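Chemist: Provided below are the primary sequence and the corresponding predicted coordinates.
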Amino acid sequence: MKFLKLFVVAKKAGTVTRKYPFEEPLITEEFRGEIKIDPEKCVGCGACTLICPPSALTMRDEGNVRLIRYFVGRCIFCGMCAEVCPTNAITITKEFELATLDIDDLLRDLLHKRVKCRICGRPFLTTKLIKYANKDIPGSDNYADVCPECRSKLSIKNILKYRGDLDV
Amino acid sequence: MKNNDVKTLAKGSDKAVDMVLKLLKEKLSKYNVRISRAVANNLIVDVSRRHLRDVAKIVHNELGAYVRTCVGCDERNKNGCFAVYHIFGLDDYGVNVIVRTLAPANDVKVPSIADIAPGADWCELEFRDLLGINVTGRPVYRLILPEDWPDDLHPLRKDVPYGVRPPPVKREEVTLTELESPGIPVGPYHPALHEPEYFELYVEGETIIDVRYRGFHIHRGIEKLGESKLTYKQIPFIAERICGICGFCHSTCYVMAVEKAAKIEVPERAEFIRAIVLEIERIHSHLLWLGVACHLLGYDAGFMHTWRIREAIMKLAEYLTGSRKTYGINIIGGVRKDINKEKIQNVLKTLDHIEREVKELLDMMLSVPEVKRRLTGTGILTRGEARKLSVVGPVARASGLNRDVRKDYPYLAYKYVSFKVPVYTEGDNLSRTLVRVEEIFESISIIRQLLDRLPSGDIKVEKYEIEPDKVSTASVEAPRGEDIHFLITGKGRPYRWKVRAPTYQNIPALRPMLREQMLADAPITIASIDPCFSCTDRVIVIETRNGKVVSVKRINIVKLSRRRWPQNEVSKALRSS
Amino acid sequence: MLYVSLQIAFIILTTLIVPILDGIERKIKAKLHSRIGPPILQTWYDIRKLFAKELVLTRTAFPILLVSLVMVGLCILTLLVIPAGSSWTFFSSMSLPLLIVLIASIHSLIIITSIVSDNLYAIIGGFRELTIGIINEIALIIALVLTLINVGLGYSDSQITTGIKVSYISAVILLAISSYVASGRIPFDLGEAEPELASGVLIELSGPVLGTVLYSIILKRFIFASITALALFLPFMRLLNPLLAFILFILLIIAVWIVHAVTAVLLGRSRVDIATRTLICVYIALISLSTIFIGVGL
């Protein structure tokens, strides 16, 4: 006869379901939803794209711009990108109602201008990343706008010049 | 191998490993073997193919080891051979004995040990399918790859890229022997099952006389991804998605394997937090299972109320980790989220509330006459069969085998808490239910003890280095049983990563369980091993477009479900973007 | 004239409110499950949705359309035979056999739909229905006869007794149990066991045919609730004026329906061999008890 206790159990519990989406959903303050990249703070280093497990954050260099693309459809909302971002540009919001009929709604792009190497003319890093990387390094202005290949050649030339082995 | 030394032995310690080393040297002295120590509690026994069966017989039968899994690995770019690792576990010592044998690339075959250790049956077929290592001395058939996969393409070989999509191969329809009794298809899509799997039940009237299983419909290529595309740091998140219910166990098991291989000292606080979340996952999984079992028995009230209580656990998990499931807090070297005092108070309050409600609910549920009558005496698995098939988890404990990874191969913070392992001997569906019910209450007590003794300190280690070519294993007691990950480290990503989920080991036990049962009890018996087919099937998914003509009635449903497999429009759009 | 109009009102009211009664049952089930549940009109919405779908019939199963319509017709015919309130004069000596035949036909039609479907699950479901159905029908018929013996089987008004005998009570208990089993709810919904048989007898039905069959299943439940209500109400029918008796009768049917609904939520699904054993024991006990009471003159 103990199965009749169902009445007691049901009465104590009351009604626990909610008429979502006509009522608010229940999420705690720790909930991880989609991420937001602050375009001011982002320097285009690509650390988030290296750590992202499903490759929802991807980086592509094309011509004069570096494109950081966040595809919500692949995101697993782990928040690792927010942890590795050196400038804290990525914040985790509580948005999870992201379904849409148009897949383009799920692509969030961020474009950075790339700096052209003053010697060979090829674009390499973003302006902001160069500024960020060289912030605290003294004497780096000489090499800041030179691409890595040209930089190594230039620094060897400068060393030889300094040692007097090279005639200018 | 029981003597007084074993009883007081710290399982898995260096002393235990030395004892096993001595034992092995003594037993295997007449075979030309080389025994070496691998990481932590693992011993590698290198044996030639000629003596593999003899060594396996000694380890499995004489030493009483259980089969844990076996792994095939393509090591051609290391030593020109394919390697097969048979992992046996000695529960009394907490030590793994890994029997390794090599097969040169021009003669890729190894003898089978499935007749000595039936628990290794499926693993051998798996490495035959995925790596092309032939097994001699046993009947073979395709286990994992579908029938229209080409013959000479073995996905886990190192020269096969992970994105390969071969066109389907048309084959002649093989008509199996016509039986007089009709085969009832349960699956691949059936209301009783949560995931697609296919059981063919041969019945006479309403009594089942035989079962045939065909699974691996949702292989996803996780091992291959881990070995070719992902890096060490990304894999914990993918490992978490091997399963929707025991995901955290998989990610913990993986990071533990890497930490053992790289000798990373994880801070104690992180170990405690991992153990707490593991136990929360266990409570949630068992409540879910109880609800499902009630639903299969027609008692929907039990289903709704157990899931209502489970909702409190999901909220707790979100409060602690940031996500209701797929917590994402495991990283190599520790955890990402901490537990502060306020959270501890909330957890304890919730646990008190849940314990009271679960007790009341279970009292009510198990007294419903139909529930009790249909669970008692159905789906019996005898102790002998359970030992032969090396089953794990509640299935083993309900059949009288006292196996629990938390006690036999201690890991994380479990050595600091005391708890009971429930063991029943009847081996029917009711015992499996009662084992899970008791485990819920034990888990609540474990969490309370862990929260009480939570040490202070860091929660992760920032700097570490992972050296290549280390062989490591780690195992965790998932809600369904023992989950074991085998890892050979490489540069930047694992060289070989093998996951053996508990359901993989338990499904072969369904055949003896379902024989002589009523058809009506088939769903509840299948559900009583708590199958998690996402864990079980792990290789590349193949979108097949079947070109064969089927005239045999009993696989009509299989054909129908395959034809209705939708063309993935979204994935096409993604690939082009 | 009043009795004829009351009987017609009974049938019209039934055909309209029966899905609402099913909706109330789902709401009660939901409340016992701690959830909100579907709106009360949901069953009407479901039937409307099913009728909006295309009609798909397999080659061997095209008679199912006819069979489903015949089932609804038979249910409505049965309602004609059940005296609503005090239209007892409608109930003649042929009514009881007619009632029995109609109920048996409805059951057999459900079994026929399952066998014609040519699907293993439907066949198994059909055989289960048959097994339980045969045992239950026998008990139902005996219970009906025993109940109506006590009120003179309607041969003439004067023979209806107003006292309640012990044998009447045991016969009513037997009738209540067998009509609950016949209503096809848990624990005896073995024909349609969804987790076990993927909807058993209903597996091959879809669209308007499924809508019709579902409607007739709900009507069947109403019929069995009204049989129980009739047995409980018979001794008092003559004491009230016709309109009041009619209203009270309807309310009693709804009360019986609610009791059926709550019982279904409290229990789990039985298995065909366990169910037959239990039912045979219970029925033999009650039938012998009732016969002993009648023989002794209680």
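Modeler: Done, it's in.
Chemist: how much space between the most centrally placed residue in chain C and chain A?
Modeler: Among the residues of chain C, C:Phe224 comes closest to the average C-alpha position under C-alpha atoms, centre = their mean, at 2.7 Å. Applying C-beta to the nearest C-beta, to the nearest Å, the value for C:Phe224 to chain A is 23 Å. C-beta here means a position set from N, CA and C on the backbone, and glycine is covered the same way.
Chemist: up against chain B, what does chain A have?
Modeler: A:1-3, A:5-6, A:9-10, A:13, A:16, A:26-28, A:30-32, A:51-54, A:71, A:73-74, A:76-80, A:83, A:103, A:107 (C-beta under 8 Å from any C-beta of the partner chain).
Chemist: just the buried residues from those residues, in PyMOL please.
Modeler: Buried members of the residues of chain A next to chain B, defined by 16 or more other C-beta atoms under 10 Å in any protein chain shown, are picked up in PyMOL with:
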select buried, chain A and resi 3+5+6+9+10+13+16+30+31+32+51+52+53+54+71+73+76+77+78+79+80
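Chemist: next step: the residues of chain A next to chain B restricted to helices.
Modeler: Counting by DSSP state H, the part of the residues of chain A next to chain B found in helices is A:Leu6, A:Val9, A:Ala10, A:Ala13, A:Ile51, A:Met80, A:Glu83.
Chemist: around chain C, which positions in chain A sit nearby?
Modeler: Near chain C, when you scan chain A using C-beta under 8 Å from any C-beta, you find A:Phe3, A:Leu4, A:Leu6, A:Phe7, A:Ala10, A:Ala13, A:Gly14, A:Thr15, A:Val16, A:Thr17, A:Lys19.
Chemist: for the stretch 401-550 of chain B, what spans make up the strands?
Modeler: Counting by DSSP state E, counting those that start in this stretch, one finds strands in the stretch 401-550 of chain B at the ranges B:471-478, B:481-489, B:494-500.
Chemist: could you save those as TSV and add columns showing distance to C:Ile8?
Modeler: Listed next are those as TSV, based on distance: least, C-beta to C-beta, whole Å:
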stretch	distance to C:Ile8
strand B:471-478	65
strand B:481-489	65
strand B:494-500	70
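Chemist: for chain C, give me the ranges with low pLDDT.
Modeler: Applying pLDDT under 70 to chain C flags residues C:61, C:85-94, C:150-164, C:193-199, C:238-239, C:298.
Chemist: can you show me the helices along the stretch 1-150 of chain C?
Modeler: C:2-32, C:42-51, C:63-81, C:95-116, C:120-150 (DSSP state H, counting those that start in this stretch).
Chemist: among these, show me which one is buried the most.
Modeler: helix C:120-150 (a mean of 21; mean count of other C-beta atoms under 10 Å in any protein chain shown).
Chemist: chain center to the helix or strand following it, what's the gap?
Modeler: Next in sequence after helix C:120-150, counting helices and strands by DSSP states H and E, comes helix C:166-182. What separates the centre of helix C:166-182 from the centre of its chain is 13 Å, taken as C-alpha atoms, centre = their mean, to the nearest Å.
Chemist: so which elements touch helix C:166-182?
Modeler: helix C:120-150, helix C:207-237, helix C:272-296 (3 or more C-beta pairs under 8 Å, 6 or more residues apart in numbering or on different chains; DSSP states H and E).
Chemist: between the second one and helix C:42-51, how many degrees?
Modeler: The one in question is helix C:207-237. 150 degrees (axes from the mean of the first three to the mean of the last three C-alpha atoms, to 10 degrees).
Chemist: how far is helix C:207-237 from where the chain is centred?
Modeler: Using C-alpha atoms, centre = their mean, the offset of helix C:207-237 from its chain centre is 4 Å.
Chemist: and which of the residues of chain A next to chain C is nearest B:Val277?
Modeler: A:Val16 (24.3 Å; C-beta to C-beta).
Chemist: quick one: contacts for the closest one?
Modeler: If you count contacts by C-beta atoms under 8 Å, 6 or more residues apart in numbering or on different chains, A:Val16 has them with B:Arg308, B:Glu311, C:Ser34, C:Arg35.
Chemist: for the residue of the stretch 151-298 of chain C found nearest chain A, give me its contacts.
Modeler: Of all residues in the stretch 151-298 of chain C, C:Leu266 sits closest to chain A, at 5.7 Å by C-beta to the nearest C-beta. Listed by C-beta under 8 Å, 6+ apart, the contact partners of C:Leu266 are A:Phe3, A:Leu4, A:Leu6, B:Ala301, B:Val368.
Chemist: any chance of TSV for those, columns pLDDT?
Modeler: Putting these into TSV (pLDDT from 0 to 100) gives the following:
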residue	pLDDT
A:Phe3	82
A:Leu4	86
A:Leu6	88
B:Ala301	90
B:Val368	87
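Chemist: those: which two are farthest apart?
Modeler: The widest separation within the contacts of C:Leu266 (C-beta to C-beta) is 11.3 Å, between A:Leu4 and B:Ala301.
Chemist: and the two? which has more neighbours close in?
Modeler: Taking neighbours as other C-beta atoms under 10 Å in any protein chain shown, A:Leu4 and B:Ala301 compare with B:Ala301 leading, 26 against 12.
Chemist: wait, that one sits on A:Phe7?
Modeler: No - taking contacts as C-beta atoms under 8 Å, B:Ala301 lies outside contact range of A:Phe7: 10.4 Å.
Chemist: shared neighbours of those two, which are they?
Modeler: With C-beta under 8 Å, 6+ apart, B:Ala301 and A:Phe7 have common neighbours C:Leu32.
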